[in-house]
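# could you work out the structure for the sequence below:
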Amino acid sequence: MTDGNWSELERLFNGALELAPAERDSYLQRECRDRPELLASLREMLGNDSASTEFTGLVSASARDWLEWTALQRGDRAGSYRILRKIGQGGMGTVYLASRADDEYRQQVAIKVINRMAGDSADVQRRFQDERQILANLHHPNITHLLDGGSLDDGSPFLVMEYVDGERIDHYCETRALSTEGILRLFIKVCRAVEHAHQNLVIHRDLKPSNITIDGAGEPRLMDFGVAKLIRRSENSENPDTVQDERVLTPLYASPEQLGGAAVSTLSDLYSLGVILYQLMTGRRPFDGEDSGSYAYARQVIESDPPSMRKRRLEAADPAAASAMPPRTALRFSRDLDNIVLKALQRDPAQRYQSVSAFSRDLENYLARRPVSARPRSLPYLVQRFVQRNRLASALILAFTVTVTGLGVALWRQAELLAVERDVARDQLARTTAVLGLVEDMFTGLYPDNSGGREITVREMLDQAGSRLAASEAGRDAAEAATRAVVRRIIGATYNELGLIEPAREHLTGALSLHRAGQVGDDAEMLKTMLALSMTYKLSFEPEARLVLAEEALVLSRQLYGPGDLRTFEALGAVASANHMLGKLELARDQFAAIYQQRRRALGASHPRTLGTMYSNAVMEHWLGNYDQALNLYRRCEALARETHGETNSSALRCLSGLGLVLETIGQHREAAAALARHLTLAEQVLGPEHPQTLRSLHSLADAHRGLGDYPKAESLFLAVLQRRREALGNRHIETLQTEMKLARVYRLMGRFDAARPLIEHALTEEVAQQGFRHPATLIAAQEKADLLLDSGELVAAEALLERVLAGREAVLGPDHPDLQSTLLGLARVELERQGEVPAKRYLERALALTESHPQYQQEARTQIRQLLAELDLSGAR
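From the prediction side, this is the model:
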């Protein structure tokens, strides 16, 4: 009998004792249908009066007699792993912390060993096999990974899993006093992990805070699938997403159908998630006044509706209750969030969200101030939520509407007063009316009749406005070109901010075409359009096109405003950015430095534009290998932006990300991971999980885990980024290629050369085609391919590629750039394989000199190089 079966036995026994003797047998028959052995045991126990007063002691004593643990000691072996210590145990198995006995990998693992006597049970064996199959099929960054498996010398099976050193989710939220938004961002990731399990036909069945650990990077990790159940889909099943429950559960987080012995489904997991979120928000579970093992508790869950979270907050006002209330009651949340949680906690599964994805989507709607499905949709509610989530856009639309309306009134009066200009005024009024029609269309799209009751996004509003503009252009004369050009520029620039490249390109090239055709006659507006389109070229990574257009804009700005005007330096910034993209690092550094000095004098050190240029200066110093200067600039920029504008300011976010990147470059992996995890949390809150900046942060965090030697974690994060980048940017975008290169590096370090080779070959081929071999980023990819060739034993090909990389880096970066160290070390390894000790020593001595030019950094590389030199000296002495 398993640990869960003992809990079930105790619960049913206590429940029966609370009933009149005449009612007990019918209760037991109802609860134990299809379980005759359990029914017989309960009848026998109820027949013994003494058992009713000492049941708990009886169960405990029986459990102790039954449990014969497979006790492994420190230093014992489990396959290729060495036991370090025990970290947990349960009814089915014991979990140990372990490491590779051969030191092949540095990361620690968790080993779950099935208990010796429990292993004799067919039920336990089946559950253990299910857990292994489930974990093998689940690949998600927020689910612990199965790494290996095997059997001990005595035949006891074990699983080797990723070890997550962290804190359970409820304690994490409490100790860090997370805000409502912070909790929900974390919880949505848990939902995505559960949704992934459901998509792979797995019901967890035991979701609770202790099974959700927050790792050192602030990422939730779902674990313990020991009682999870595979959904066996069959043609005869009326409901393919349900399984018959085996009553193995934690009552405090179990759904009504679990406590009632009915079939469970994915919606049972959804209910448990609702309980967890309720607890995270209030500090209490929906039902926590009864003994969880009692019949009364189960009856309360099955028959009662939970109190709202807002009611829990009101309870805190009672001095008697307040003393027992944790500080979670200080959290702020609205009726929408209450409705979302209560919908997840509906007693009837049919009244809940019909999937975990629908639940998490409503939470995301709440965070984005969009309407939620848990609350009836009325037009005032829809408009209110739109304005709340788009305060700036709404203000701009309102200002735009007021301005255009005022212009229309003024033009109408002018038409009345100046008969000679009546026709012109009427044309202007017609154009004004057309623009107002676009604004009206944006808002009427929110009406349920027009939207079909679904949420209208900002992108859809822009798409509708663009379609109306295109329709209005048909058959119109050139007099309306100015209006169309301005509207197209505004729509295109907004698409840029959303990271939507192709619609931005369409509108901005259309607007610029009107200017170049001479239909507008407004050079200042043309300048704005050129700079906006230049930004589109940056997002699509078209550096040559960006440079050509930015230089043209710079010439025009100097003509309009003069060389010292702020608008001219904005154009110079676009030129500098294009030079950076093209690998002209020193030129770009000098241009950014000039812009920074001008903006600091004109705007002050803490102005957002000044801070943005300080960030660009730090990026250039980083690329040029001046890590001390880069660190100093990133830290100053982040601190100044955070103190002046708040930690969610765009400059503060960019500089925090840059700080993490340079820390990773110089080998300070833990500090890098901490900075990048913080940036990822803030970026997801401010920009959303799919924004390009958020994906860059996740990409950098994956690289930090690679530096820490946590290759499975790095792999899962890189895979997630690669999938999103391929979908959003395509297979040839430079950021997609960079992720392929980084993932190839992880596979190489794991010894998975066949997985690494196609990734790095595609990335390098495309980067050479787009940027040339001697672009600094291409040289990084070439170095990675050379390292793969070297590790694979292909010395001739590795040497040829390394020599090309060395020549390119010396020409582009200079002979003293730190990046040369890895190339020199690779060439030394080639010579050592050929017994060429003299040239190998020459390469190593030069590499050592480079690492010593940055004495506080590159410690691992410096140690490796010194060890190789010592071995060469020892060999020479022999």
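
# hey, let's count contacts and neighbours off CA atoms from now on
Noted.

# ok, L869 to K841 distance?
Shown here: L869 relative to K841, a distance of 7 Å by C-alpha to C-alpha, to the nearest Å.

# more neighbours, those two?
Using other C-alpha atoms under 10 Å, the more surrounded residue of L869 and K841 is K841, with 22 against 19.

# which residues does the more buried one contact?
Residues near K841 by C-alpha atoms under 8 Å, 6 or more residues apart in numbering: A828, L869, L872.

# now do 10 Å
Going by C-alpha atoms under 10 Å, 6 or more residues apart in numbering, K841 touches L825, A828, R829, E831, L832, A847, I865, L868, L869, A870, L872, D873.

# with R516 instead?
With contact set as C-alpha under 10 Å, 6+ apart, R516 has these partners: M526.

# so what pLDDT did it get?
The predicted local distance difference test score for R516 is 87.

# what's the answer for Q770, then?
You'll see Q770 listed with a pLDDT of 87.

# and the helix or strand hosting D338, how far from the chain's centre?
Using DSSP states H and E, D338 sits in helix 335-344. Centroid displacement of helix 335-344 relative to its chain, using C-alpha atoms, centre = their mean, to the nearest Å, is 24 Å.

# flag every buried residue along that helix.
Taking 16 or more other C-alpha atoms under 10 Å as the basis for neighbour counts, the residues of helix 335-344 that come out buried are D336, L337, D338, N339, I340, V341, L342, K343, A344.

# thought V746 was touching D703?
Yes - look at V746 against D703 with C-alpha atoms under 10 Å: they come within range, at 8.8 Å.

# who has more neighbours, these two?
D703 (30 against 26).

# okay, the more buried one and Y495: tell me how far apart.
30 Å.

# chain neighbours aside, what residue packs nearest to V805?
On the basis of C-alpha to C-alpha, 6 or more residues apart in numbering, the spatially nearest residue to V805 that is not a chain neighbour turns out to be L779, at 6.0 Å.

# can I get the CA coordinates of stretch 669-687 in PDB?
Extracted in PDB, the C-alpha atoms of stretch 669-687 (Å, rounded to 0.1, in the frame of the first residue of the first chain):
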ATOM      1  CA  HIS A 669      28.600  33.700 -14.700                       C
ATOM      2  CA  ARG A 670      26.600  33.800 -11.400                       C
ATOM      3  CA  GLU A 671      26.600  37.600 -11.300                       C
ATOM      4  CA  ALA A 672      25.600  37.600 -14.900                       C
ATOM      5  CA  ALA A 673      22.700  35.200 -14.300                       C
ATOM      6  CA  ALA A 674      21.400  37.300 -11.500                       C
ATOM      7  CA  ALA A 675      21.400  40.500 -13.500                       C
ATOM      8  CA  LEU A 676      19.900  38.800 -16.500                       C
ATOM      9  CA  ALA A 677      17.200  37.100 -14.500                       C
ATOM     10  CA  ARG A 678      16.200  40.400 -13.000                       C
ATOM     11  CA  HIS A 679      16.100  42.000 -16.500                       C
ATOM     12  CA  LEU A 680      14.000  39.200 -17.800                       C
ATOM     13  CA  THR A 681      11.400  39.600 -15.100                       C
ATOM     14  CA  LEU A 682      11.100  43.300 -15.700                       C
ATOM     15  CA  ALA A 683      11.100  43.000 -19.500                       C
ATOM     16  CA  GLU A 684       8.200  40.500 -19.300                       C
ATOM     17  CA  GLN A 685       6.300  42.900 -17.100                       C
ATOM     18  CA  VAL A 686       6.900  46.000 -19.200                       C
ATOM     19  CA  LEU A 687       7.200  44.600 -22.700                       C
END
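
# what comes up buried for that stretch?
For stretch 669-687, the neighbour count (16+ other C-alpha under 10 Å) marks 669-670, 672-687 as buried.

# using the three-state scheme, assign R732.
Under DSSP: H, G, I helix; E, B strand; the rest coil, R732 falls in the coil class.

# neighbours of the nearest residue to it once chain neighbours are set aside, how many?
Using C-alpha to C-alpha, 6+ apart and skipping the chain neighbours, the partner closest in space to R732 is E766 (6.7 Å). E766 sits with 18 neighbouring residues when counted by other C-alpha under 10 Å.

# check which helices and strands the helix or strand hosting E766 is in contact with.
Under the assignment given by DSSP H and E, the secondary-structure element containing E766 is helix 753-771. Where contact means 3 or more C-alpha pairs under 10 Å, 6 or more residues apart in numbering; DSSP states H and E, helix 753-771 is packed against helix 543-561, helix 734-749, helix 776-791.

# buried sites along the first one?
Within helix 543-561, the residues that count as buried by 16+ other C-alpha under 10 Å are 543-544, 546-547, 549-558.
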